[in-house]
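>>> Sharing a model that was predicted from the sequence below.
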Amino acid sequence: MQQTLKSAAVFVGHGLHSGAPVRMVVNPASADYGIWFRRTDVLSGDAMIPARWDAVEPSRLCTLLSNDAGLTVSTVEHLMAALAGCAIHNALIQIDGPEVPILDGSAEPFVQGFLARGIIRQTVPVRAIRILAPVEVRDGEAIARLDPSDILEIDFRIDFADAAIGRQERRLNMANGAFVRELCDSRTFCRQADVDAMRANGLALGGTLENAVVVQGDRILSPGGLRHADEPVRHKMLDALGDLSLAGGPILGRYTGIRAGHALTNRLLRALFARPEAWEMVEMGLDTGTKLPGIGVHRGDLRRTA
């Protein structure tokens with residue numbers, strides 16, 4: 001069955017790129033509502049922005065959504081991953097600025113907020129997207145691919161020159177609370193040289209060593225080091241779940257990402273929906289819904305206490 005929050009969850013922080021303060025409220029919504037953003041700082045015109053694959057605008061550093069009026073909200077990937085990982089299918093997200101708060105650079109604060117408020121079942125079945133045939137997109141050495149599977153699996157591989165990251169790979173069955181247990185606390189990561197370059201161009205103004213894993217060669221500059229030995233590849237899997245959740249329903253298929261990023265995953269969804277023979281919509285009942293991410297998740301699945 002579809003699910004939503006029992007009551008609204010409030011998050012206050014600042015944007016990663018703008019550094020501007022932002023207040024965001026994730027509200028319960030009725031069955032079949034889906035996920036929508038509403039810009040509360042916009043007092044005229046269309047302030048509603050759909051969380052959907054065809055609303056994604058090209059952006060190198062994050063996932064950015066736009067409506068037909070050109071209004072945007074950016075850096076939605078960690079929030080979307082938390083919603084998908086907690087099996088929240090319907091929500092209205094009120095936000096008073098153009099960027100989702102970065103908080104600690106992971107999805108864990110969102111998950112904590114959702115589980116603290118509680119999640120309730122609704123009376124309408126979940127409609128999932130079953131992959132029927134392989135779909136693949138490439139950009140140089142980067143690959144994103146979907147293959148048929150009865151469950152959502154994510155298989156990710158990264159390869160960075162910095163010895164602090166290097167080559168990492170991980171594969172995970174995303175059913176039930178796997179996202180909350182294994183991925184949600186993994187933070188975004190970058191090189192110190194990239195931070196310097198972004199700030200020189202007016203970006204990453206809200207970035208700190210407290211909301212990202214910053215590396216320099218073989219050194220981890222962020223206090224406390226890594227939360228997992230393979231935290232970078234886990235975060236890439238987190239991002240992938242958030243970007244895949246924009247499909248409009250949970251995916252039943254195996255996602256493979258090799259050096260893939262936000263833009264390539266969105267290109268993959270566009271390639272998928274351009275091929276009607278490669279997918280079908282299926283209803284998930286109480287007996288089959290356990291295959292989906294987040295069904296049955298609880299606060300005990302969190303690795304660390306709030």
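Cool, the structure landed. Numbering: from 1, shown residues only.
>>> residue contacts, residue 228?
Residues near residue 228 by Cβ atoms under 8 Å, 6 or more residues apart in numbering: 186, 234. Every C-beta, even on glycine, is put in place using the N, C-alpha and C of the backbone.
>>> ok but it is inside a strand, no?
No: counting by DSSP: H, G, I helix; E, B strand; the rest coil, residue 228 is not part of a strand but coil.
>>> Check what pLDDT it gets.
pLDDT for residue 228: 94.
>>> Also the one 3 residues further on?
Note for residue 231: predicted pLDDT of 96.
>>> Just give me the neighbour total for it.
The tally of other residues near residue 231 (other Cβ atoms under 10 Å) stands at 22.
>>> Identify the residue spatially nearest to it, adjacent ones excluded.
Distance criterion Cβ to Cβ, 6 or more residues apart in numbering; nearest residue to residue 231, sequence neighbours excluded, is residue 186 at 4.8 Å.
>>> and the gap between that neighbour and residue 290?
Here residue 186 is placed at a distance of 24 Å from residue 290 (Cβ to Cβ, to the nearest Å).
>>> List the buried residues in stretch 116-132.
If you call a residue buried by 16 or more other Cβ atoms under 10 Å, then stretch 116-132 has these buried ones: 117, 119, 122, 125, 126, 128, 129, 130, 131, 132.
>>> Mind picking the one among these that's closest to residue 81?
residue 119 (15.5 Å; Cβ to Cβ).
>>> ok, now which ones touch the closest one?
Neighbours of residue 119 in contact, by Cβ under 8 Å, 6+ apart: 3, 4, 5, 6, 86, 87, 88, 297.
>>> try 7 Å
Contact analysis of residue 119 by Cβ atoms under 7 Å, 6 or more residues apart in numbering lists 3, 5, 6, 86, 88.
>>> Tell me the pLDDT of the spatially closest residue to the last one that is not a sequence neighbour.
Excluding the flanking residues, the one nearest residue 88 by Cβ to Cβ, 6+ apart is residue 3, at 5.7 Å. Reading off the per-residue confidence, residue 3 sits at a pLDDT of 96.
>>> Residue 24 too?
Residue 24 carries a pLDDT score of 98 in this model.
>>> Equivalent analysis for residue 205, please.
Residue 205 is assigned 63 on the pLDDT scale.
>>> same thing with the one 3 residues further on?
Note on residue 208: pLDDT of 74.
>>> element containing the residue of the chain positioned farthest from its centre?
No residue in the chain sits farther from the centre than residue 44, which is 29.0 Å out by Cα atoms, centre = their mean. Assessed by DSSP states H and E, residue 44 sits outside every helix and strand.
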